[in-house]
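Visitor: Need a 3D model of the sequence below.
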Amino acid sequence: MDWIDPEDAPGVGTPVRGGATYREAHLAMEIIADHGRMTSFEIVEVNPVIDEHNRTADLAVELAMSAFRQRKYCDDLIGGCPAIAAVLRAWWERDRWMKHEIP
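Guide: Residues are numbered from 1 along each chain as shown. Have a look, this model is predicted:
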């Protein structure tokens with residue numbers, strides 16, 4: 001995630017000005033998805049402690065959806081793709097933990 005400009009992804013380990021824009025990042029994921037040869041996918045460098053209003057984590061989920069050819073967030077996505085559903089559940093649980101809703 002630290003290849004994206006801090007304006008769009010502020011919660012990363014090593015922010016670098018001049019990185020990819022929000023749209024460029026989505027375009028890169030869409031190109032990868034359209035190529036059809038992705039065999040694995042990992043999102044790293046999301047730091048929820050310094051993230052602003054969960055912007056970086058939300059963008060990470062959106063980019064994962066773009067990489068898996070999903071263009072919108074919907075219930076069909078969660079039911080249709082277990083990997084993305086697991087990521088969404090993990091972020092939701094982390095968010096609840098950060099807000100002290102769960103021990």
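
Visitor: tell me which helix or strand of this protein sits lowest on mean pLDDT?
Guide: helix 75-80 (a mean of 47; mean pLDDT, DSSP states H and E).

Visitor: Low-confidence bits of the protein, can you list those?
Guide: In the prediction, the chain carries residues with pLDDT under 70 at positions 71-103.

Visitor: ok, now with 80
Guide: 69-103 (pLDDT under 80).

Visitor: Run through the residues that contact P15.
Guide: 2, 6, 9 (Cβ atoms under 8 Å, 6 or more residues apart in numbering). In short, each C-beta sits where N, CA and C put it, glycine included.

Visitor: measure the residue lying closest to the second one once chain neighbours are set aside to T56 for me?
Guide: Read it as P6. Leaving out its chain neighbours, the residue that sits closest to P6 by Cβ to Cβ, 6 or more residues apart in numbering is P15, at 3.9 Å. Distance, P15 to T56, by Cβ to Cβ, to the nearest Å: 10 Å.

Visitor: Which neighbours do those two have in common?
Guide: Joint contacts of P15 and T56 (Cβ under 8 Å, 6+ apart) are A9.

Visitor: just to revisit the earlier point, and the residue nearest to P6, how far is that from D51?
Guide: 11 Å.

Visitor: go on, I43?
Guide: For I43 relative to D51 (Cβ to Cβ), the value is 13 Å.

Visitor: quick one, which of those two is more surrounded?
Guide: D51 (20 against 14; other Cβ atoms under 10 Å).

Visitor: can you give me the helices in the chain?
Guide: Counting by DSSP state H, the chain has these helices, from start to end: 22-35, 55-67, 75-80, 82-98.

Visitor: Count the residues that sit near the residue nearest to S66 when sequence neighbours are not counted.
Guide: Spatial nearest neighbour of S66, excluding adjacent residues (Cβ to Cβ, 6+ apart): M29 at 3.7 Å. Look at M29: counted by other Cβ under 10 Å, it has 20 neighbours.

Visitor: All good on my end, thank you.
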